[in-house]
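*Asks:* Based on what follows, work out the 3D shape:
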Amino acid sequence: MRNKLFQELITNRPVFVVFCAALICSNACGNPPYQVLPQCGPGVKNDEIQIIDAGLGSRISASGKISDSNLNFTFKKYKKAGISKDLFNYIYFEGDTICFSFLLSGEVDKKNVDVCFIDPHTGKNYSAERVDLYKNRVSGFSLAGSILEKFNSDSLNRRIPKNMYCCNDIPFQVRIIIKHGNSDIQSIITGAFRIEYE
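*Replies:* Numbers count the residues shown, from 1 in each chain. Got it, this is the predicted structure:
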């Protein structure tokens, strides 16, 4: 049945072109972010940039690929009394990173790329602290300590809670927007990180 339908689409060229255009729109306008766009056949040109793979982790390679997908961070226990901001500063200076990597179908100009972290509880977004472009891959990171501070901005001056933000998943999203021609291509990847103490 599938093969018969596809054969009819190919032989009926106007319908086939519309079918391909619909696939492009579906992929670029917010459907599942890592869907690979099917080839649209001879004579149909596809100039759209597509996001064909994405990942999260704690380390990236020199070429921008995720080299460690683990997002559980372990620290020596913070033993000083103080407020939450003191704890977040301690974690910040440990230097652990929450990394992202997006593989594109073609190369883009770095000035047309915007990446941010989103707190799914509030909807607030915060620009990624580093964004790099290597060939057709966009990668970068924000420090775990700065994400904790931004996601808990209303608690910075409160005493550190007993659990010290330990042992629970902290959800986040990374959103990429690419300006390409007259349109914006957007994708969101969802993840969670966790902090623990020795």
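
*Asks:* can you pull out the strands in this structure?
*Replies:* 51-57, 59-60, 66-68, 72-75, 97-104, 113-118, 125-127, 130-134, 137-143, 170-180, 183-197 (DSSP state E).

*Asks:* burial measure for residue 63, as a count.
*Replies:* 12 (other C-beta atoms under 10 Å). C-beta coordinates here come from the backbone N, C-alpha and C atoms, glycine included.

*Asks:* So for it, what's the nearest residue that isn't a sequence neighbour?
*Replies:* residue 134 (5.4 Å; C-beta to C-beta, 6 or more residues apart in numbering).

*Asks:* Any figure for the gap between the one you found and residue 53?
*Replies:* Distance, residue 134 to residue 53, using C-beta to C-beta, to the nearest Å: 14 Å.

*Asks:* Residue 105 versus residue 98, what's the distance?
*Replies:* Noted for residue 98: a distance of 25 Å to residue 105, by C-beta to C-beta.

*Asks:* and these two? which has more neighbours close in?
*Replies:* Neighbour tally, residue 98 and residue 105, criterion other C-beta under 10 Å: the higher count belongs to residue 98, 24 against 15.

*Asks:* now the more buried one, which residues is it bridged with?
*Replies:* Counting by DSSP bridges, residue 98 is bridged to residue 142.

*Asks:* hang on, isn't it packed against residue 141?
*Replies:* Yes. With contacts counted by C-beta atoms under 8 Å, residue 98 reaches residue 141, the gap being 6.0 Å.

*Asks:* Which neighbours do these two have in common?
*Replies:* Taking C-beta atoms under 8 Å, 6 or more residues apart in numbering as the contact rule, residue 98 and residue 141 have no neighbour in common.

*Asks:* Which helix or strand in this protein has the lowest average pLDDT?
*Replies:* The weakest-scoring helix or strand in the chain, judged by mean pLDDT, DSSP states H and E, is helix 13-28 (a mean of 38).

*Asks:* Just give the number of residues close to the nearest residue to residue 133 once chain neighbours are set aside.
*Replies:* Distance criterion C-beta to C-beta, 6+ apart; nearest residue to residue 133, sequence neighbours excluded, is residue 110 at 4.5 Å. Residue crowding around residue 110 was assessed by other C-beta under 10 Å; the count is 9.

*Asks:* domain ranges for this protein?
*Replies:* Here the domain parsing of the chain from automatic domain parsing is 1-47, 49-197.

*Asks:* which of those has the lowest average pLDDT?
*Replies:* Among those, domain 1-47 has the lowest mean pLDDT, at a mean of 37.
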